[in-house]
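Enquirer: Predicted model follows, preceded by the sequence.
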Amino acid sequence: MKLSGSCHCQAVRFTVESSSPCPYMRCYCSICRKTAGGGGYAINLGADRRTLQIDGAENLSVYRARLDDGARSSGERNFCRHCGSALWLYDPGWPDLVHPHASAIDTPLPVPPDRVHIMLASKAGWVEPELRAGDGSFDGYPDESLAQWHERRGLSTSE
Ligand SMILES: [Zn+2]
Ligand SMILES: [Zn+2]
């Protein structure tokens with residue numbers, strides 16, 4: 001499905017085709033929760049980078065997080081340099097993919113039937129994950145990709 005998104009000040013607007021639009025995966029890692037997760041986690045979607053159209057790209061800035069070993073993450077976190085809204089993650093190691101933050105999407109998104117909570121070993125102490133029956137939970141990375149999760153539930157949307 002086609003997703004439309006924007007930052008809060010509207011200096012950056014974008015559209016992208018997504019076959020993995022269900023906002024089910026909550027990442028509690030320190031990067032996500034600090035840069036994009038006011039409630040203790042952030043939610044990324046899966047989309048096709050070849051279809052990404054950006055209006056106001058000159059207003060973007062990119063953050064590459066410093067990792068525990070001192071190296072920079074290869075992930076490029078794109079945000080609006082005027083209002084600070086986190087917009088999407090792009091990693092040159094997966095050039096066909098882009099991961100918009102669900103929080104930046106204006107198109108109504110499907111409500112996920114269950115959720116997956118990841119990087120719980122990194123969560124802030126005050127955050128109590130809302131774990132429901134059927135939810136997955138992982139101290140680190142999950143056991144399936146965004147695309148696999150959608151395919152297994154028959155929720156992949158064609159482009
Ligand atoms: Zn903005
Ligand atoms: Zn994360």
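Expert: Perfect, thanks for sending it. Ligands and ions are numbered 1, 2, ... in the order given.
Enquirer: Now the residue nearest to the spatial centre of the chain: closest residue in space that isn't a chain neighbour?
Expert: Nearest residue to the geometric centre of the chain (C-alpha atoms, centre = their mean): residue 44, 1.6 Å. Leaving out its chain neighbours, the residue that sits closest to residue 44 by C-beta to C-beta, 6 or more residues apart in numbering is residue 99, at 4.0 Å. For the C-beta atoms, the positions are set from N, CA and C on the backbone; glycine is no exception.
Enquirer: Residue 98 pairs with what?
Expert: residue 47 (DSSP bridges).
Enquirer: just checking, it touches residue 87?
Expert: No. Using C-beta atoms under 8 Å, residue 98 is not in contact with residue 87; the gap is 9.7 Å.
Enquirer: need the residues of the protein near ligand 2, please.
Expert: Taking C-beta under 5 Å from the ion as the contact definition, the chain meets ligand 2 at 27, 29, 32.
Enquirer: mind redoing it with 8 Å?
Expert: The chain comes close to ligand 2 at residues 27-33, 37, 41-42, 44, 118-119, 122, as judged by C-beta under 8 Å from the ion.
Enquirer: Would you mind checking the residues you listed for buried ones?
Expert: Buried by 16 or more other C-beta atoms under 10 Å: 27-29, 31-33, 37, 41-42, 44, 118-119, out of the residues of the chain next to ligand 2.
Enquirer: For residue 102, give me phi and psi.
Expert: Phi and psi for residue 102, reported as degrees, to the nearest 10, are phi -60, psi -30.
Enquirer: Give the full set of residues in contact with it.
Expert: Taking C-beta atoms under 8 Å, 6 or more residues apart in numbering, we find residue 102 in contact with 23, 43-45, 109.
Enquirer: again, 6 Å this time
Expert: By C-beta atoms under 6 Å, 6 or more residues apart in numbering, residue 102 lies in contact with 23, 43, 45.
Enquirer: Just the residues contacting stretch 74-87, thanks.
Expert: Here stretch 74-87 has contacts from 7-9, 11-12, 35-36, 59-63, 88-91, 93, 101, 104, using C-beta under 6 Å, 6+ apart.
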